[in-house]
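A.B. asks: Show me how the following folds:
(2 chains)
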Protein chains: 2
Amino acid sequence: MSRAYNFSPGPAMLPESVLLQARDTMLEYGDAGASIVEISHRGPEFIEIAAQAEADLRALLSIPAEYAVLFLPGGATTQQALLPLNFADPGQRADYVLTGHWGATATRQARPYVDLNVAASSEDDGYRSIPPVESWRLSDGAAYVHVTANETIHGVEFRPAAPGGHAFPDTGDVPLFADFSSSIASEPIDVSRFGAIYAGAQKNLGPVGIGVVIVRRDLLERAGQPRADIFDYRLQLAADSMLNTPPTWNWYVAGLTFRWMLEEGGVEEFARRSDEKAKLLYAAIDGSGGWYRNEVDPAVRSRMNVPFFLPDPALDAPFLAEAREAGLVGLKGHRVVGGMRASIYNPMPLAGVQALVDHMRDFQRRHG
Amino acid sequence: MSRAYNFSPGPAMLPESVLLQARDTMLEYGDAGASIVEISHRGPEFIEIAAQAEADLRALLSIPAEYAVLFLPGGATTQQALLPLNFADPGQRADYVLTGHWGATATRQARPYVDLNVAASSEDDGYRSIPPVESWRLSDGAAYVHVTANETIHGVEFRPAAPGGHAFPDTGDVPLFADFSSSIASEPIDVSRFGAIYAGAQKNLGPVGIGVVIVRRDLLERAGQPRADIFDYRLQLAADSMLNTPPTWNWYVAGLTFRWMLEEGGVEEFARRSDEKAKLLYAAIDGSGGWYRNEVDPAVRSRMNVPFFLPDPALDAPFLAEAREAGLVGLKGHRVVGGMRASIYNPMPLAGVQALVDHMRDFQRRHG
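C.D. replies: Purely as a prediction, here's the structure:
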């Protein structure tokens, strides 16, 4: 088949113009005599790529100067382990708010290192909502409060800017740490509200194999816990995220994607597109007379990941097969939730969502 | 310029046929409707790629069934932290043998977790030799003994197969762990001699951004230390190295490189080629009447990384500039050692080393 509309949750669709640049530099990058994937991270070509990527990410997300930016391998899950190691005393209290699968995953990375308090959880609700901030049981003297800005599997999102949406809490002197893996760069965020923001790149930011950590510099003065050099954010910052050999090619393609987002109009434009895409898809689900179902509290429905169910799981396989025939791939839901899921990150055009909605209506007409 | 002979130490030269396959699949992989870098690691296309890569690596290195293979992000340095976390009790003794910069780096990752004993070191010798095994002060009851099979910066290599070369020691019931980052797959090794072998891929194995760990399965029964799930080799093995989203594209290109090595004749053939390339280059250095110098004990000179010095550091810049004119890049020595370094991994053809030797003779003739 030719290139499809790819609704994969991550690794996910990349802009074709980014892929074309990656393709055209696969044997030679500029005057280097070799591909980016073959040359030293200490050489002039890659140093320039890395610096430009950071400058573009800072511009894209309006990152204040008092925040450091790290580019690191291992994905968001690795950062979930490194955050307590760097910012909590051994056994210090840390508060976690669980609104889906990934918040729970974060606790499994942190529990060996902190006195972990689940300050709030919507698990009893099947992770279909966000507990009201008034109900959160936050701890005095916690090292930090951890939230998941958007739950990729359950399709639940903090929506600080939306009417009726769920805001991030004011945690006072306790820094707020947020996993923004699946919603970063999809709308403007006030970075200064957070102690640390982290994200795997493979959804809204670029390719799989690299992630970013945006951290308030004063927090780096915390002692943290005994740890290997390679787990130390301070040492990584001092080494410009090159304490060891970084995933250079992935960093390069992330930088191409940052540049593409800036050229397309920045996060304000992607916020507009995301709202438009999400509204179109949720309207199709809600307008199906209950044939398609999304069960998330409408106030916190994700703009990025839209899980939905057909009336009978026996219809899932034909829905996916016929979607594929229509040039739509990556729609199978996560095994934890089942059903379908459409991930509609920044590179997904409105036309892709329109094609999905058309397929949904057509499928319902034939099988409903 | 067109593609050069690229002597970079890692990231390093890849076979052109591998790069061509990576290029040709950058927009679409087979019938997936998307690039490898865009599709799920849980989908059928990537599951097949991952399984084939492991099967090919097992064939290439003759890995016995009682050894597990992990594909992990973060490079060798991350494994240097994970080895003590997985295989040593908290504060247990562990023996390290230092024969260069990377052995010393390994101690900085392990020291927070073990009672670290430097059992032997050639630091006083400027890391130009390997201390004789009889002089190693190994500990009773150590969790493991750690060595660096080939020191990428200092150009010092254990040469178990070479006449007069330095063998790996017999450590009895204490498992031997070896960093094989820069020499893996360059000659046959007896995996059963080791408790664990690890390597970043970006030298002999494939692209930057992924590494491999080959570990004797019975060692995975050790309790190790409290650690995040993501740092747990057992959980990674149970999840087929996909506890979280792995660096799929890098894994794919590593698999292409394994396949290329098998098709070229396997590690026996690369051992033959490596010997031929190294002999040619060392002969040029040694035959220069002392104009070029390599200061490593000849019995443990690396076949992979050949550091050498010109008579005057003022000649370094013109040597590099003229090398570039001749289509030879990546020759600048590491800042720790200075001078020049030629890294001649598996993808470097004999013709590339011949071109370097020709340049060296020509440069000496004009500047000597």
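
A.B. asks: From now on I want contacts and neighbour counts done on CA atoms only, so please keep to that.
C.D. replies: Will do.

A.B. asks: any idea which helix or strand comes after the longest helix seen in chain A?
C.D. replies: Longest helix in chain A, counting residues (DSSP state H): helix A:266-286. Downstream of helix A:266-286, the next assigned helix or strand under DSSP states H and E is strand A:305-308.

A.B. asks: and the helix or strand just after that following strand, average pLDDT?
C.D. replies: Per DSSP H and E, strand A:305-308 leads on to helix A:316-325 as the next helix or strand towards the C-terminus. Taken as a whole, helix A:316-325 carries a mean pLDDT of 98.

A.B. asks: Could you do stretch A:210-219 as well?
C.D. replies: Per-residue scores along stretch A:210-219 average to 98.

A.B. asks: Kindly report the same for stretch A:157-173.
C.D. replies: 86.

A.B. asks: what does it contact?
C.D. replies: Residues outside stretch A:157-173 that contact it (Cα atoms under 8 Å, 6 or more residues apart in numbering or on different chains): A:130, A:132-133, A:145, A:149-151, A:193, A:299-303.

A.B. asks: Check these and tell me the two furthest apart.
C.D. replies: Spanning the widest gap among those are A:V145 and A:R303, at 23.6 Å by Cα to Cα.

A.B. asks: Nearest to B:R222, out of the contacts of stretch A:157-173: which one, please.
C.D. replies: Nearest to B:R222 among the contacts of stretch A:157-173, counting by Cα to Cα, is A:V145 at 33.4 Å.

A.B. asks: For the closest one, list the residues it contacts.
C.D. replies: A:A94, A:D95, A:Y96, A:V97, A:L138, A:T171, A:V174, A:P175, A:L176, A:F177.

A.B. asks: Mind giving me the PyMOL command for buried ones among the residues you listed?
C.D. replies: Under the burial definition 16 or more other Cα atoms under 10 Å in any protein chain shown, those of the contacts of A:V145 that qualify are selected in PyMOL by:
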select buried, chain A and resi 94+95+96+97+138+174+175+176+177
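
A.B. asks: mind listing what's buried in the longest helix of chain A?
C.D. replies: A:266-271, A:273-275, A:277-278, A:281-282, A:284-285.

A.B. asks: nearest to B:R366, of these?
C.D. replies: The closest of the buried residues of helix A:266-286, once distances to B:R366 are taken by Cα to Cα, is A:G266, at 54.9 Å.

A.B. asks: wait, A:V329 sits on A:R3?
C.D. replies: No: judged on Cα atoms under 8 Å, A:V329 makes no contact with A:R3 at a distance of 9.7 Å.

A.B. asks: which neighbours do those two share?
C.D. replies: B:G33.

A.B. asks: Helices of the stretch 51-200 of chain A, residue ranges please.
C.D. replies: With helices called from DSSP state H, counting those that start in this stretch, the stretch 51-200 of chain A shows them at A:75-87, A:101-110.

A.B. asks: got CSV for these, with mean pLDDT and distance to B:S343 too?
C.D. replies: CSV is the format used below for these (pLDDT from 0 to 100; distance: least, Cα to Cα, whole Å):
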stretch, mean pLDDT, distance to B:S343
helix A:75-87, 98, 30
helix A:101-110, 98, 38
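
A.B. asks: Turn the ones you listed into CSV, including distance to chain B.
C.D. replies: Listed next are these as CSV, based on distance: least, Cα to the nearest Cα, whole Å:
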stretch, distance to chain B
helix A:75-87, 6
helix A:101-110, 4
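
A.B. asks: what does the stretch 251-368 of chain A put close to chain B?
C.D. replies: Residues of the stretch 251-368 of chain A lying close to chain B (Cα under 8 Å from any Cα of the partner chain) are A:G327, A:V329, A:G330.

A.B. asks: Return the entry from the residues you listed with the maximum number of neighbours.
C.D. replies: A:G330 (28 neighbours; other Cα atoms under 10 Å in any protein chain shown).

A.B. asks: show me the contacts for that residue.
C.D. replies: By Cα under 8 Å, 6+ apart, A:G330 lies in contact with A:N6, A:F7, A:S8, A:P9, A:A342, B:I39, B:S40.

A.B. asks: Then A:L331?
C.D. replies: With Cα under 8 Å, 6+ apart, A:L331 has these contacts: A:N6, A:F7, A:S8, A:L320, A:M340, A:R341, A:A342, A:S343.

A.B. asks: Helix, strand or coil: sort out A:T257 for me.
C.D. replies: Here A:T257 is recorded as helix under DSSP: H, G, I helix; E, B strand; the rest coil.

A.B. asks: Test my guess that it contacts A:E16.
C.D. replies: No: A:T257 is not in contact with A:E16 according to Cα under 8 Å; the separation is 10.1 Å.

A.B. asks: quick one: contacts for A:I214?
C.D. replies: A:Y67, A:A68, A:V69, A:L70, A:A196, A:I197, A:Y198.

A.B. asks: among those residues, which are in strands?
C.D. replies: A:Y67, A:A68, A:V69, A:L70, A:A196, A:I197, A:Y198 (DSSP state E).

A.B. asks: chain center to stretch A:194-213, what's the gap?
C.D. replies: 6 Å (Cα atoms, centre = their mean, to the nearest Å).

A.B. asks: Same check on stretch A:308-326?
C.D. replies: Taking mean C-alpha positions (Cα atoms, centre = their mean), stretch A:308-326 and its chain are 26 Å apart.

A.B. asks: can I get the CA coordinates of that stretch in PDB?
C.D. replies: C-alpha atoms of stretch A:308-326 as PDB (Å, rounded to 0.1, in the frame of the first residue of the first chain):
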ATOM      1  CA  PHE A 308     -13.700   4.000  21.400                       C
ATOM      2  CA  PHE A 309     -15.700   0.800  21.300                       C
ATOM      3  CA  LEU A 310     -18.000  -0.900  18.800                       C
ATOM      4  CA  PRO A 311     -21.200  -2.500  20.000                       C
ATOM      5  CA  ASP A 312     -19.800  -6.000  19.800                       C
ATOM      6  CA  PRO A 313     -16.000  -7.000  20.100                       C
ATOM      7  CA  ALA A 314     -16.700  -9.400  17.200                       C
ATOM      8  CA  LEU A 315     -16.800  -6.400  15.000                       C
ATOM      9  CA  ASP A 316     -13.300  -5.200  15.900                       C
ATOM     10  CA  ALA A 317     -11.500  -7.400  13.500                       C
ATOM     11  CA  PRO A 318     -13.600  -6.500  10.400                       C
ATOM     12  CA  PHE A 319     -13.500  -2.800  11.400                       C
ATOM     13  CA  LEU A 320      -9.700  -2.900  11.500                       C
ATOM     14  CA  ALA A 321      -9.400  -4.900   8.300                       C
ATOM     15  CA  GLU A 322     -11.800  -2.600   6.400                       C
ATOM     16  CA  ALA A 323     -10.000   0.500   7.900                       C
ATOM     17  CA  ARG A 324      -6.800  -0.900   6.400                       C
ATOM     18  CA  GLU A 325      -8.400  -1.300   3.000                       C
ATOM     19  CA  ALA A 326      -9.400   2.400   3.400                       C
END
